[in-house]
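J.: show me the folded form of this:
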Amino acid sequence: MTPDEITALFTRADGSYLFARWGRPIVPVVFGVEDATLRVVKGAVEAVVTLANHKMSDTDPELGANLMVFFCRDWAELPEVPNLDRLVDGLAPLVERLTAADANQYRVFRFDPDGQIKAAFVFIRMDAHLAEVPADTLALSQAAQVILLWSDRAFTDISPLADAGGTLILRPEIASVIRAAYDPVLPGMAQDPSHGLRLAARVSLLQ
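T.: Reported below is the predicted structural model:
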């Protein structure tokens with residue numbers, strides 16, 4: 001990928017640049033699925049965290065779990081989840097917007113004072129389209145999209161996954177960006193587009 005293409009991955013629709021990675025070990029918990037699917041989701045998260053050379057843990061000292069993945073059939077189910085409105089500000093209007101847009105997925109991030117990712121909430125509505133997607137594919141896609149604070153346009157036209165002989169894997173260029181993004185020499189949060197150039201330089205060094 002060119003430096004401009006890498007910078008675009010973190011340039012939002014309003015033109016602002018915003019990059020953030022996790023600053024604490026990731027502790028996932030999954031709601032609304034059977035045990036087999038739960039293991040698939042946690043396995044995908046672990047694979048992407050390992051790729052990033054980041055860490056997972058059994059518990060977050062402040063939150064308990066800091067990556068919460070919710071599967072549902074209808075957005076109206078979310079307000080019924082106990083205490084979810086305390087974790088996600090504006091849950092009721094969010095559900096209204098998701099319903100009106102006929103969306104099937106959404107991610108909410110929370111941040112530590114230094115701007116690094118503190119927690120993430122992933123909401124997946126299993127509509128007819130997602131019901132046809134294999135669990136491992138869906139899990140890997142979500143894990144890739146939650147490991148960094150990507151632009152709201154990053155994967156609008158192109159999936160973070162690629163077909164490798166019938167097996168869907170992370171696109172190599174996206175995997176390279178994830179690895180480079182967690183290089184300790186780079187900041188955990190950045191708002192200056194020049195960060196995209198530094199990130200591109202780290203990608204080149206890792207290839």
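J.: now Leu168: phi and psi?
T.: The phi/psi pair for Leu168 (degrees, to the nearest 10) reads phi -80, psi 130.
J.: neighbours around it, how many?
T.: Using other C-beta atoms under 10 Å, Leu168 has 18 neighbouring residues. C-beta: built from backbone N, CA, C; applies to glycine.
J.: pick out the residue nearest the middle of this structure.
T.: Centroid-nearest residue in the chain: Val146, 1.1 Å away (criterion: C-alpha atoms, centre = their mean).
J.: now do the top strand by length along the chain: distance to the chain's middle.
T.: Taking DSSP state E as the criterion, the chain has its longest strand at strand 117-125. Relative to its parent chain, strand 117-125 has a centroid offset of 7 Å by C-alpha atoms, centre = their mean, to the nearest Å.
J.: so what's the residue nearest to the centre of the chain up against?
T.: Going by C-beta atoms under 8 Å, 6 or more residues apart in numbering, Val146 touches Val45, Leu67, Arg107, Ala120, Val122.
J.: next, give me the two most distant ones among those residues.
T.: Longest distance between any two of the contacts of Val146 is 13.3 Å, between Val45 and Arg107; criterion C-beta to C-beta.
J.: which one's more surrounded, these two?
T.: Counted by other C-beta under 10 Å, Val45 and Arg107 do not tie: Val45 has more neighbours, with 25 against 16.
J.: after the one helix or strand that one maps to, next one along is what?
T.: Val45 is located in helix 35-51, with elements delineated by DSSP states H and E. Going down the chain from helix 35-51, the next helix or strand is strand 67-72, by DSSP H and E.
J.: CA atoms only: put that next one into PDB for me.
T.: Output in PDB follows, covering the C-alpha atoms of strand 67-72 (Å, rounded to 0.1, in the frame of the first residue of the first chain):
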ATOM      1  CA  LEU A  67     -14.300  -6.200  24.400                       C
ATOM      2  CA  MET A  68     -18.000  -7.100  24.400                       C
ATOM      3  CA  VAL A  69     -19.500  -8.700  21.300                       C
ATOM      4  CA  PHE A  70     -23.300  -8.900  21.100                       C
ATOM      5  CA  PHE A  71     -25.200 -11.000  18.600                       C
ATOM      6  CA  CYS A  72     -28.900 -10.400  18.100                       C
END
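J.: which element follows it toward the C-terminus?
T.: Downstream of strand 67-72, the first helix or strand assigned by DSSP H and E is helix 84-87.
J.: and that following helix, what other elements does it pack with?
T.: When contacts are defined as 3 or more C-beta pairs under 8 Å, 6 or more residues apart in numbering; DSSP states H and E, helix 84-87 packs onto helix 91-101.
J.: near Ala92, how many other residues are there?
T.: Neighbours of Ala92 (other C-beta under 10 Å): 10.
J.: also His129?
T.: Count around His129 with other C-beta under 10 Å applied: 8.
J.: quick check: it vs Val146, distance?
T.: Separation of His129 from Val146 (C-beta to C-beta, to the nearest Å) stands at 20 Å.
J.: one more: Gly43?
T.: Separation of Gly43 from Val146 (C-beta to C-beta): 15 Å.
J.: before we move on, back to that, can I get the contacts of Val146 in JSON lines including distance to Met189?
T.: Listed next are the contacts of Val146 as JSON lines, based on distance: C-beta to C-beta, whole Å:
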{"residue": "Val45", "distance to Met189": "21"}
{"residue": "Leu67", "distance to Met189": "18"}
{"residue": "Arg107", "distance to Met189": "17"}
{"residue": "Ala120", "distance to Met189": "14"}
{"residue": "Val122", "distance to Met189": "20"}
